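Chemist: with the sequence up front, the predicted model follows.
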Amino acid sequence: MLVSLVGCTGGDGAHGGGVHGTPGAAGLRDPYFPRLGNGGYDVRHYALSLDYDPARDRLDATAEITARATQDLSAFNLDLAGLTVRRATVDGAAAAVNRAGNELTLRPRDDIDEGSTFRVVVTYDGTPEKINDADGSGEGWLKTADGALALGEPAGSLAWFPGNHHPSDKATYDITLTVPEGLRGFSNGERTSERTAGGRTTSVWHSAQPMASYLAMVAVGRYTTTATTTPSGIPVLTAADPSVAAGSAALLGRIPELLDWEQENFGPYPFSSTGAIVEPDGDVDYALETQTRPVFPHGAFDVPTLVHELAHQWYGNSVSPATWRDMWLNESFATYAEWLYAEDFEDTPAQRGFEKAFADEANWAFPPADPPTARDLFAPPVYQRGAMVLHRLRQTVGDDTFYEILAGWPVEHRHGNASTEDFTAYAEDVAGEDLSELWDVWLYGDDKPDSPDAP
């Protein structure tokens, strides 16, 4: 469907005349989401201005995207679901815009040279969509009793802003939220300003470290907030719906000590702030490791889940998956963090967690590094069998080397992306030995080993 057609398409070109570029790919051929993401450019920064009216469930927004061309471009795509695009410009000049499902194709007035930086501005509005995942969970823009919650794993972020929505294209963010007076807006990173005028409250949030789009979040509603710092000086900002604020206050107060414990095990915290959002049950059915400020339903806000989501700040957020097939790298480390917490604070060795996971047949449905379908990305083998891989690694190389791997891995790929092959190569390099037998049995093997002591 043609949304708008403005300006000229092609023309003399900006750099020597004539059309010299080609369209960027409309997908990155991810194993599970082949149309997700786009080729031909690398986003460096998103500046999102979001004005939301919960009474009408309406979003009026502008996205300013700064990107670098990775090829000569005559056109390129952005991922966007549902919302109506009113206008788009590239480097200040009106661009032709075509829409086909979730693919938004922009054809700039002049071709864009490979290596050059360009700026896209898209103005859009409408009622943002809730997206139902293959496993039945909901993401995207989730309407709540007093506002909304925007979450995006694996692809829900395309419900509220146009962009390159694949984890391999990370960028910095500035998010400006405007909501009715009496409500508050929260997002990732640091709040740099907040003001109320004309019956509307506007807050500005800055994420200086790169973030995959699925980790971006927005929370709008009435919240009870706390601000403190960790013993090492990291700012902590939390927000809880008033109906669950009293019941979550004690655990929210433990974030500073838990984060410092995780730094002792996983190395320096990779971001400049931290915190959490706690929602009533029913607003969201799962906890999510949104960058710097994880989101929790009150019923799942317990110590293991908090430890898990905070660990994701290293494993999954700072080191993000190269493709969604590498999801186990996120969840195995976060699950193993739960086992380590039990070992350090509850006198329960990680071996106990390993044995329990080994005995559960649900964890042997498929290899953790090869989920059969997108529906299986959040299935037990990705979490529990993935954690078993790490425990067998620990048993094989010894504690000293294992903890070197544990802390060194997020440094090796800090604020970047990594694959399963990257991890196995890194672990072998640190250990100084061939671990292919361990990978073959525990990471890639189709069958449950006869013994938990298998190589």
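Modeler: Looks like it arrived, so ask away.
Chemist: where in the chain is the helix or strand with the lowest mean pLDDT?
Modeler: strand 2-4 (a mean of 31; mean pLDDT, DSSP states H and E).
Chemist: list the contacts for Val303?
Modeler: Leu251, Arg254, Tyr341 (CB atoms under 8 Å, 6 or more residues apart in numbering). C-beta here means a position set from N, CA and C on the backbone, and glycine is covered the same way.
Chemist: same thing but at 10 Å, please
Modeler: Leu251, Arg254, Leu258, Glu338, Tyr341, Ala342, Phe345, Glu346 (CB atoms under 10 Å, 6 or more residues apart in numbering).
Chemist: now do Val122
Modeler: 61-65, 78, 80, 83, 85-90, 95, 97, 104, 106, 161-163.
Chemist: narrow the residues you listed to those in strands?
Modeler: 61-65, 78, 85-90, 97, 104, 106 (DSSP state E).
Chemist: and the strands in the stretch 51-200 of the chain, which stretches?
Modeler: 58-69, 73-79, 84-90, 93-94, 96-100, 103-107, 117-126, 130-132, 138-143, 148-151, 171-180, 184-187, 190-197, 200-211 (DSSP state E, counting those that start in this stretch).
Chemist: out of these, which is closest to Phe301?
Modeler: strand 148-151 (14.6 Å; CB to CB).
Chemist: what's near enough to touch the residue nearest to Ile65 when sequence neighbours are not counted?
Modeler: In space, Ile65 comes closest to Val120 once its chain neighbours are excluded; the distance is 4.3 Å by CB to CB, 6 or more residues apart in numbering. Going by CB under 10 Å, 6+ apart, Val120 touches 41, 43, 63-67, 76, 78, 88-91, 95, 106, 108, 162-163.
Chemist: same check on Phe402?
Modeler: Leu390, His391, Leu393, Arg394, Gln395, Thr396, Ala427, Val430, Ala431.
Chemist: now, the most widely separated pair of those?
Modeler: Of all pairs in the contacts of Phe402, the most separated under CB to CB is His391 and Val430 at 16.7 Å.
Chemist: Pro455: neighbour count?
Modeler: 14 (other CB atoms under 10 Å).
Chemist: that one is in contact with Leu443, isn't it?
Modeler: No. Applying CB atoms under 10 Å as the test, Pro455 and Leu443 come out as separate, 11.8 Å apart.
Chemist: among the contacts of Val122, name the buried ones.
Modeler: 61-63, 65, 78, 80, 83, 85, 88-90, 95, 97, 104, 106, 161-163 (16 or more other CB atoms under 10 Å).
Chemist: can you pull the buried residues of the longest helix seen in the chain?
Modeler: Longest helix in the chain by number of residues (criterion: DSSP state H): helix 327-345. Residues of helix 327-345 classed as buried by neighbour count (16+ other CB under 10 Å): 327-342.
Chemist: ok, so of those residues, who is nearest Gln291?
Modeler: So of the buried residues of helix 327-345, ranked by how close each gets to Gln291 (CB to CB), first place is Asn330, at 12.4 Å.
Chemist: circling back to that earlier point, report the two of the buried residues of helix 327-345 separated the most.
Modeler: Met327 and Ala342 (23.3 Å).
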